[in-house]
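Participant: what would the 3D arrangement of this be:
(chains A and B)
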Amino acid sequence: MESVFVLKDVSYSYHSRFKALERINLEIEKSTCTVILGANGSGKSTLLKIIDMLILPDNGEFFAFGRKIDKKAIKDEKFNEFFRKSVGFVFQDPDTQLFLPTVRDELAFAPVQIGYSKDKIEEIVIKVSEEMGIAGILDKFPFNLSEGEKKKVAIASIYTLNPDVWILDEPIFSLDPKTQWWVVDFLKHLKEKNKTIIIATHNIKLAKLLADKCVIISPNHKIAKISDTSILDDKNILIENNLIHPMGIL
Amino acid sequence: MKATRKTILELTTAANRIIFDSEFSQKDGFLQSVDARIKLIGSLFLLILISITHSQLKLLFFCFLALAFALFSGIPLTFFLKRFLFIPLFSLIIAIPSIFSFITPGDEIFSLFGLSITSQGINTATMLVLRVSASVGITILLPLTTKWTKLISALRSFYVPYSGILILLIGYRYIFSILKLIENNYFAKVSREIKPSVKSDYLFLGSKTAMFMNRSIQTGENIYLAFQSRGYTEKTSQLFNDKLELNSFDLVWIGILILTTFIIWNPFLY
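Facilitator: Next up is the predicted model:
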């Protein structure tokens, strides 16, 4: 199967002191859903930032779409444009992602970057907002929305770009049950469209619902195991990596 | 303690009021339909006209012009008047001493508690209040009827540096999040406080200033990454580069400006 991203012996530390990732070897295949599981502080979000070409590893090599990612690749305008059109990142905190005055502006952001005409942009905004059930809040200020609505807007703002690769950091964290299932259904819809999906979470149930491949990151920032969903029934490895507690999940 | 609570609550209330006010910029009104760049230039032009006008009647005309603009832009009159009259009220207080002969000597009209009130004094005070009123009326219409992004895109067309515009945009967006965080933090402190004191309030403010500074730096870094992730670069961004295409509302606005200039310079109109 064709690989979209390849990480070879990747390590990363914050301020050269606080270790976040150590010797990560990983391949992300096209049209699969990879779920990265790890406890708080294990380095999942850092890994996603490396995959989204937002930060460069301190050591090791990272390849995206067959090209080695280094400073030169980031500065390459053509490649950068191709990468940003192909990869969408939904951040854990929607407040980080949503910075424009209205929901309509947020949805129009990606089509404006691509350079579509005003009519085409409006058409995309209306279509996506109706599909995502947020047509009624298009003129609202994102700050005033509920957490569930913010998450929907954050996802919709990436959906207007319709990228082939979706990266999601804790997509159902702190959402009400209805919105959690809305997100799950949306991700299933993306899977049906053969999109490449990478999810970072510590939610085992979410992984069971969506994963084709599971990557467990240990609390000491190394890959503990890469496997199919059968690993999610291995209590020992899940307890060892602080993903479940012997007393169960609350 | 009351002062700290009041300050924090007033700040968050003010933030919410700004958000509420921004809803007017999305209405289908006259000024909302005028291009932000033309509106900004036009407003500056009107302010210059107001500052060089020496006729009370003409200044009164500008006040009515502001009211008419508000009315045709779907801004409720009571809402507009509250803002329109607030600052001029202070200028009235400042202007009161100038009506007396010891500040502005001239022809006495009548005497109040032994102090002479001169016609020149009343004229000076009226001019000041009318000038401030007209300026405030025109100025507050601009942010009320213009979307924040459109306003800053107008600034870009005046060659304001791109980085400065970006700072304005992000600052405006995240000031609300940070204020909400401060309010929640303060409530969390109050809910755990058994013996409240002024000293503990100052300690809270001192320690939280550093914490919020750190938090805003972290938020800033994450926002920058989110920007990058969504393909936002100075070169590719078209966000602030709308093409200028004059519509009928722009032409009406320009027409009003020309008419106003004619009224101001016409020696027969006083």
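
Participant: quick one, strands of chain A?
Facilitator: A:3-14, A:18-29, A:33-38, A:59-64, A:67-68, A:87-90, A:165-169, A:196-201, A:213-217, A:223-227 (DSSP state E).

Participant: out of those, which comes closest to chain B?
Facilitator: With Cβ to the nearest Cβ as the criterion, chain B lies closest to strand A:87-90 of the strands of chain A, at 4.3 Å. Placement of C-beta: from N, CA and C, glycine included.

Participant: can you give the domain ranges for chain B?
Facilitator: Domains of chain B are assigned by automatic domain parsing as B:1-22+B:147-232, B:24-146+B:244-263.

Participant: is the helix or strand hosting residue B:200 anywhere near chain A?
Facilitator: Taking DSSP states H and E as the criterion, residue B:200 maps to helix B:198-229. Yes. Interface with chain A: helix B:198-229 contributes B:219, B:222, B:223, B:225, B:226, B:227, B:228, B:229 (Cβ under 8 Å from any Cβ of the partner chain).

Participant: for the stretch 1-150 of chain B, just list every one of the strands.
Facilitator: B:108-112, B:115-118 (DSSP state E, counting those that start in this stretch).

Participant: point out the most buried one among those.
Facilitator: Stretch with highest mean neighbour count among the strands of the stretch 1-150 of chain B: strand B:115-118 (a mean of 16; mean count of other Cβ atoms under 10 Å in any protein chain shown).

Participant: by contact count, what packs against that one?
Facilitator: If you count contacts as 3 or more Cβ pairs under 8 Å, 6 or more residues apart in numbering or on different chains; DSSP states H and E, strand B:115-118 packs onto strand B:108-112.

Participant: the strand it packs on pairs with which strands?
Facilitator: strand B:115-118 (antiparallel) (DSSP bridges).

Participant: residues in contact with the strand it pairs with: which ones?
Facilitator: Contacts to strand B:115-118, defined as Cβ atoms under 8 Å, 6 or more residues apart in numbering or on different chains, come from residues B:99, B:100, B:101, B:102, B:104, B:105, B:106, B:107, B:108, B:109, B:110, B:111.

Participant: OK, now which residue of chain A is nearest to chain B?
Facilitator: Closest to chain B within chain A is residue A:84: 3.1 Å, counting by Cβ to the nearest Cβ.

Participant: excluding its backbone neighbours, what's nearest that residue?
Facilitator: Distances taken as Cβ to Cβ, 6 or more residues apart in numbering or on different chains put residue B:231 closest to residue A:84, at 3.1 Å, once the chain neighbours are dropped.

Participant: what parts of chain A come near chain B?
Facilitator: Counting by Cβ under 8 Å from any Cβ, chain A sits next to chain B at A:49, A:52, A:54-55, A:77, A:80-81, A:84-85, A:87-89, A:91, A:93, A:95-97, A:99-102, A:105, A:109-110, A:112-113, A:115, A:139, A:141, A:143-144, A:157-158.

Participant: can I get the domains of chain B in CSV with mean pLDDT?
Facilitator: CSV is the format used below for those (pLDDT from 0 to 100):
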stretch, mean pLDDT
domain B:1-22+B:147-232, 74
domain B:24-146+B:244-263, 87
